[in-house]
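In: Fold the following.
(one chain, ligands or ions: 2)
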Amino acid sequence: ERKLILDLDTGIDDALAIAYALGSADEADLIGITGTYGNVTVERGVRNSLAVLHLFGRDDVPVHPGVDHPLTYDEAANGPWIPSAGSVAVHAPNGLGGAVIPDSPRAPEAPGSAVDFIIDAARTYGENLTIVPTGAMTTMATVMAKAPDVIDSGAHITLMGGALTVPGNVSPCTEANISQDPEAADRLFRCGARTTMIGLDVTHQTALTREGTAQWRALKTPAGDFLADMTDYYIDYYLAHQPEVRGCGLHDPLAVAAALDPGLVETIGVNLKVDLDGPFRGRTIGDRARLTDPDKTTRVAVGVDVPRFLARFMERTTALAAG
Ligand code: BDR
Ligand code: CA
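Out: Ligands and ions are numbered 1, 2, ... in the order given. Okay, here's the model as predicted:
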């Protein structure tokens, strides 16, 4: 059975990714969630993950906090890392679009335990493990540096981040998750680990509209109301700032869906790097030094079966939220 770890900065679409993963229990066993930062701090993201798991009756899934700031961030000089004003606007201060759900009675696992949790899982499950990072890539980069055997363990990484053929969402050439910690993402792309990049190239094609959230609301359950309230906030943000998407992009759920069923996306092999200097810092781009290598360590999603994904997303999340 496929084992799944989600590495989340639990914001709105990360919470939807949890719902999708829980609704896909027939296909994969969610063995843990690790907490990164980006939309929110690690502390807030972990709290949100625990609360969402509790709402869906899944207090059995451990939540491990990960690295809480970028590799090059000077915490001594700048204090604890906090999300940008832009992230707070997209996901609201609580990360969940202002939707309120009860906190979990559970405490998170030990601070920083995400790194060893992922290493142990890769050693235990090898190619049966898929890791889906959907926030800053710092914890993942730290894993690869601490335990290089994970690179060849067979564990696959299907990440949400980057943009190869379309504009970015934090600047014309940069996507949020990669730009949170460009050094970490660059290390991940170039370390030799097998990665699939689910970037804005495909996630901006998978828009959810208010017709979708109305289906959740019609369930008249606390979980249905939560999904609808949270996602309506996200849709409003998109309509105001990126109307061309025609709804909210289902970034993180698409990464989970592609991890469980790679046939949902069309991919091409491209060895990538991340620009670290100059005006394009944070951009995902072909790594000229490895571009013609026959071995492609990264596959980039360039196409997605939108109707099939959206139908599956609504089916699984609705069944889950129906209770
Ligand atoms: C990504 O950035 C975050 O805001 C979302 O949760 C998603 O992972 C989209 O660029
Ligand atoms: Ca995310």
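
In: Can you verify my assumption that Gly23 contacts Arg316?
Out: Yes. Judged on C-beta atoms under 8 Å, Gly23 makes contact with Arg316 at a distance of 3.2 Å. Every C-beta, even on glycine, is put in place using the N, C-alpha and C of the backbone.

In: Tell me how far whatever residue of the stretch 201-323 of the chain ends up closest to ligand 1 lies from Lys296.
Out: Distances between the stretch 201-323 of the chain and ligand 1 by C-beta to the nearest ligand atom are smallest at His251, namely 4.1 Å. Separation of His251 from Lys296 (C-beta to C-beta, to the nearest Å) stands at 23 Å.

In: When those two are compared, which one has more neighbours?
Out: Between His251 and Lys296, counted using other C-beta atoms under 10 Å, the more crowded position is His251 (27 against 16).

In: Count the neighbours of the closest residue to the more buried one other than its chain neighbours for me.
Out: Nearest residue to His251 in three dimensions, chain neighbours excluded: Thr203, at 4.1 Å (C-beta to C-beta, 6 or more residues apart in numbering). Look at Thr203: counted by other C-beta under 10 Å, it has 27 neighbours.

In: Equivalent analysis for Tyr20, please.
Out: 25.

In: Then the one 5 residues further on?
Out: Ala25: 13 surrounding residues under other C-beta under 10 Å.

In: so what's it scoring on pLDDT?
Out: At Ala25, the model reports a pLDDT of 97.

In: and the stretch 1-150 of the chain, which residues reach ligand 2?
Out: Contacts of the stretch 1-150 of the chain with ligand 2, taken as C-beta under 5 Å from the ion, map to 9, 14, 134-135.

In: Let me see the contact set for the residue in the stretch 51-200 of the chain that ligand 1 sits nearest to.
Out: Nearest residue of the stretch 51-200 of the chain to ligand 1, counting by C-beta to the nearest ligand atom: Ala176, 3.6 Å away. By C-beta atoms under 8 Å, 6 or more residues apart in numbering, the residues touching Ala176 are 38-39, 87, 161, 169-170.

In: Can you get me a residue count around Gly282?
Out: Neighbour tally, Gly282, other C-beta under 10 Å: 23.

In: Ala89 now?
Out: When neighbours are counted by other C-beta under 10 Å, Ala89 registers 13.

In: hmm, stretch 146-163 in reach of ligand 1?
Out: Yes. Stretch 146-163 is in contact with ligand 1 by C-beta under 6 Å from any ligand atom, via Met160.

In: Toward the C-terminus from the host helix or strand of Ala21, list the very next helix or strand.
Out: Using DSSP states H and E, Ala21 falls within helix 12-22. For helix 12-22, the following helix or strand on the C-terminal side (DSSP H and E) is strand 28-35.

In: what about the helices in the protein?
Out: All helices of the chain, identified by DSSP state H, fall at 12-22, 42-55, 75-78, 85-91, 114-125, 138-146, 176-180, 182-190, 200-203, 210-217, 222-241, 251-260, 306-322.

In: now the end-to-end length of stretch 130-146.
Out: Across its full length, stretch 130-146 reaches 19 Å between end residues, using C-alpha to C-alpha, to the nearest Å.

In: and if you look at stretch 145-160?
Out: With C-alpha to C-alpha as the measure, the ends of stretch 145-160 fall 21 Å from one another.

In: So that it lines up with my notes, have the first residue be 5 from now on.
Out: Got it, first residue is 5 now, which makes that one stretch 149-164.

In: still on that earlier bit, can you pull the contacts of the residue nearest to His255?
Out: By C-beta under 8 Å, 6+ apart, the contact list for Thr207 reads 164, 253-255, 258-259.

In: Flag every residue of the stretch 205-327 of the chain that's near ligand 2.
Out: Residues of the stretch 205-327 of the chain found near ligand 2 (C-beta under 5 Å from the ion) are Asp256.

In: Low-confidence regions, the stretch 205-327 of the chain specifically.
Out: Across the stretch 205-327 of the chain, nothing is flagged by pLDDT under 70.

In: Which residue lies nearest the spatial centre of the protein?
Out: Nearest to the mean C-alpha position of the chain, by C-alpha atoms, centre = their mean, lies Thr138 at 1.7 Å.

In: count of residues packed around Gln219?
Out: Gln219 has 17 neighbouring residues, counting by other C-beta under 10 Å.

In: wait, Cys195
Out: Neighbourhood size, Cys195 [other C-beta under 10 Å]: 17.

In: Let me see the contact set for the nearest residue to it once chain neighbours are set aside.
Out: Residue nearest to Cys195 in three dimensions, not counting chain neighbours: Met148, with 4.6 Å by C-beta to C-beta, 6+ apart. Met148 is in contact with 154-155, 191-192, 195, 197, counting by C-beta under 8 Å, 6+ apart.

In: Okay, Ala19 and Glu113: tell me how far apart.
Out: 19 Å.

In: my bad, should have said Gly216
Out: Distance check for Gly216 against Glu113: by C-beta to C-beta, it reads 33 Å.

In: do the same with Gly42
Out: 20 Å.

In: Perfect, I'm done here.
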